[in-house]
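In: Build me a model from this:
(one chain, ligands or ions: 2)
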Amino acid sequence: MSNPVIVAIDGPSGTGKSSTSKAVAAKLGLSYLDTGAQYRAMTWWMLSNGVDVNDSAAVATAAEKPVIVSGADPAAPTITVDGVDASGPIRTQEVTAAVSAVSAVPEVRTRLVGLQRDAAAGAPGGIVVEGRDIGTTVLPDATVKIFLTASAEARAARRGGELKATGGAQVDLVATREALVRRDAADSGRKTSPLAKADDAIEVDTSELTLDQVIECVVTLIEEKRAAS
Ligand SMILES: Nc1ncnc2c1ncn2[C@@H]1O[C@H](COP(=O)(O)OP(=O)(O)OP(=O)(O)O)[C@@H](O)[C@H]1O
Ligand SMILES: Nc1ccn([C@@H]2O[C@H](COP(=O)(O)O)[C@@H](O)[C@H]2O)c(=O)n1
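Out: Numbering: from 1, shown residues only. Ligands and ions are numbered 1, 2, ... in the order given. So this is what the prediction gives:
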């Protein structure tokens, strides 16, 4: 029997990792893991429990406490914290603004990387795992590594469209762009497993591609790799 396919999809925020990963996993019958949701869940727990997210020692001490469980069905991914559905609360502005500080704490990363490796090992049919350090740190032996990029302008426009579609107010694209760039800089600049492209990852610039084109491109790359092995 062939080895399960492990796909690592990394890249800066808003490059299309979640949309692409879920669709690719669904098409190929693979499990799916959104590691960003786990860092957000950890951050939400810290905020909800009065931990100062800028006090790295306090975050480190608390990092073992939350029970974070991710559901791996790409058609309906779930995330709970201490048994409570966290899928809504982890997407708030408050969590987005705090998540880079929490994810920079080494004890947080050790805890979540452990969960991520367990999820990959527990997916006998294979898995698509998306994040910032999957190809470099979490799953360095992944079958296929993809690094998605897109211009800051394209990413801000996508976020704007997303917020408009969900009934949000008119989006300030300049502020959205600045917030994306700031988060990427924090994620790329941290000491422990920063956002980075693995040497053996294939870079796909999605700025001028539709989502369907990106999905097709990634599926083709995976099938080529499978055929060659
Ligand atoms: N190629 C594309 N063309 C147009 N829109 C896209 C494309 N890829 C993704 N989108 C849209 O851009 C938005 C952001 O995509 P998505 O959430 O998948 O990115 P992400 O990289 O996972 O972001 P984050 O890291 O912040 O979670 C979504 O509204 C999605 O529908
Ligand atoms: N492997 C990862 C994944 C995510 N992060 C941190 O979580 C933040 C939120 O990620 P989203 O994909 O939901 O936008 C991200 O900005 C990183 O700070 C990480 O460190 N490693």
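In: switch to C-alpha atoms for all contacts and neighbour counts from now on
Out: OK.
In: excluding its backbone neighbours, what's nearest the residue nearest in space to the middle of the chain?
Out: When C-alpha atoms, centre = their mean is applied to the chain, the residue found nearest the centroid is residue 131 (3.1 Å). The shortest distance from residue 131 to any non-neighbouring residue, by C-alpha to C-alpha, 6 or more residues apart in numbering, is to residue 10 (4.9 Å).
In: swap in residue 42?
Out: Spatial nearest neighbour of residue 42, excluding adjacent residues (C-alpha to C-alpha, 6+ apart): residue 66 at 6.9 Å.
In: Also residue 125?
Out: residue 4 (5.4 Å).
In: And the strands in the protein?
Out: Secondary structure of the chain, counting by DSSP state E: strands at 6-10, 31-34, 68-71, 78-81, 84-85, 127-131, 144-149, 202-205.
In: closest one to ligand 2 among those strands?
Out: Each of the strands of the chain has some distance to ligand 2 by C-alpha to the nearest ligand atom; the shortest is strand 127-131, at 3.6 Å.
In: ranges for the helices of the chain?
Out: 17-28, 35-48, 56-62, 93-103, 106-121, 152-165, 173-189, 211-228 (DSSP state H).
In: and those as TSV, adding distance to residue 127 and mean neighbour count?
Out: Formatted as TSV, the helices of the chain follow (distance: least, C-alpha to C-alpha, whole Å; neighbours: other C-alpha atoms under 10 Å):
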stretch	distance to residue 127	mean neighbour count
helix 17-28	7	21
helix 35-48	12	22
helix 56-62	29	16
helix 93-103	23	19
helix 106-121	6	18
helix 152-165	26	17
helix 173-189	24	16
helix 211-228	12	15
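In: between the ones you listed, which gets nearest to residue 198?
Out: Comparing these against residue 198 with C-alpha to C-alpha, the closest turns out to be helix 173-189 (13.0 Å).
In: Within range of ligand 1, give me the residues from this protein.
Out: Residues of the chain lying close to ligand 1 (C-alpha under 6 Å from any ligand atom) are 12-19, 158-159, 162, 206, 209-211, 214.
In: If we check ligand 2, which of those residues are in contact?
Out: The subset of those within reach of ligand 2, counting by C-alpha under 6 Å from any ligand atom, consists of residue 13.
In: who are the neighbours in contact with the residue nearest to residue 42?
Out: 42, 45, 81-82 (C-alpha atoms under 8 Å, 6 or more residues apart in numbering).
In: Tabulate the residues you listed (CSV), appending distance to ligand 2.
Out: As requested, those are exported to CSV (distance: C-alpha to the nearest ligand atom, whole Å):
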residue, distance to ligand 2
42, 9
45, 14
81, 15
82, 19
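In: and which of these is nearest to ligand 1?
Out: residue 42 (15.2 Å).
In: Can you pick out the most distant pair from the contacts of residue 66?
Out: Farthest pair in those (C-alpha to C-alpha) is 42 and 82. Separation: 10.7 Å.
In: intersection of neighbour lists for these two?
Out: The contact lists of residue 42 and residue 82 share 66, 68, where a contact means C-alpha under 8 Å, 6+ apart.
In: got a pLDDT number for the nearest residue to residue 215 once chain neighbours are set aside?
Out: Sequence neighbours aside, residue 20 is the residue nearest to residue 215 in space, at 5.5 Å (criterion: C-alpha to C-alpha, 6+ apart). pLDDT, residue 20: 98.
In: quick one on the thing from earlier: between the helices of the chain, which gets the lowest average pLDDT?
Out: Across the helices of the chain, helix 152-165 gives the lowest mean pLDDT, at a mean of 87.
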